[in-house]
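Trainee: here is the input, now give the coordinates:
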Amino acid sequence: MLKKHTETVEIPKTILKKARVAIIRSEFNSSITENLEKYCLKTLLDYGLVKKQIALYKVPGSLEIPVVAQTIAQKKKADVIIALGAVIKGDTYHFEIVANECARGCMDVVLKYNVPIIFEVIPAYNLAQAKERAGNDNNNKGREAALAALKILKTLSQLRVL
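Mentor: Now for the predicted structure:
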């Protein structure tokens, strides 16, 4: 059972006005990932970002997320990157490879380019688990990713002022 998320984040308007967010969404398991993106985008807009501040990128699968994240970070196109995907266990070891290597690749980008990546590539043992995390409520991990992105923007802004 997922914990209900009702938290809100207070972000100064000066941060919101300048923020640039990139969302990278895997097209694989699109019934899950499209809903993650929908809730992520809605949350960012609800908090005051405008569409021109948010760049959306689609990739075929979760393994392609790190290379796009790396390109965004190299070109300094975003202050924070949100990675959305769903990797659902099948009958082979492929599930573990995709989930682990996507996470490792994203962490490599974070550490090399100092651009945070909010990692909501859901590794699920079955479709029901993935659907639960991408539902039409406040427990949607896309919403959670947007809130985490806003929080890290606020924290990084505080560090840069000091």
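Trainee: list the buried residues in the one helix or strand in the chain whose mean pLDDT sits lowest.
Mentor: Counting by mean pLDDT, DSSP states H and E, the chain has its least confident helix or strand at helix 13-18, which shows a mean of 88. Buried residues in helix 13-18, counted by 16 or more other Cβ atoms under 10 Å: Ile15, Leu16. To be clear about C-beta, it is placed using only N, CA and C from the backbone, and glycine gets the same treatment.
Trainee: next one: stretch 42-54
Mentor: Buried residues in stretch 42-54, counted by 16+ other Cβ under 10 Å: Thr43, Leu44, Tyr47, Leu49, Gln53, Ile54.
Trainee: just the residues you listed now: which is nearest Gly105?
Mentor: Nearest to Gly105 out of the buried residues of stretch 42-54 is Ile54 (Cβ to Cβ; 22.3 Å).
Trainee: picking up where we left off before, could I get the buried residues of stretch 42-54 as CSV with secondary structure and pLDDT?
Mentor: Converted to CSV, the buried residues of stretch 42-54 look like this (DSSP: H, G, I helix; E, B strand; the rest coil; pLDDT from 0 to 100):
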residue, secondary structure, pLDDT
Thr43, helix, 96
Leu44, helix, 97
Tyr47, coil, 94
Leu49, coil, 95
Gln53, helix, 97
Ile54, strand, 98
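Trainee: quick check: the farthest pair among those?
Mentor: Largest separation among the buried residues of stretch 42-54 by Cβ to Cβ: Thr43 and Gln53, giving 13.4 Å.
Trainee: so which residue is smack in the middle of the protein?
Mentor: Note on the chain: the residue nearest the mean C-alpha position is Ile82, at 2.7 Å, using Cα atoms, centre = their mean.
Trainee: distance check, it against Leu150.
Mentor: 11 Å (Cβ to Cβ, to the nearest Å).
Trainee: and Ile82, its phi and psi?
Mentor: Main-chain torsions, Ile82, degrees, to the nearest 10: phi -120, psi 120.
Trainee: use 353 as the first number for this chain going forward.
Mentor: Right, with 353 as the first residue, what we last looked at is Ile434.
Trainee: quick one: residues contacting it.
Mentor: Neighbouring residues of Ile434 by Cβ atoms under 8 Å, 6 or more residues apart in numbering: Val373, Ala374, Ile375, Ile376, Cys392, Ile469, Ile470, Glu472, Ala497, Ala498, Ala501.
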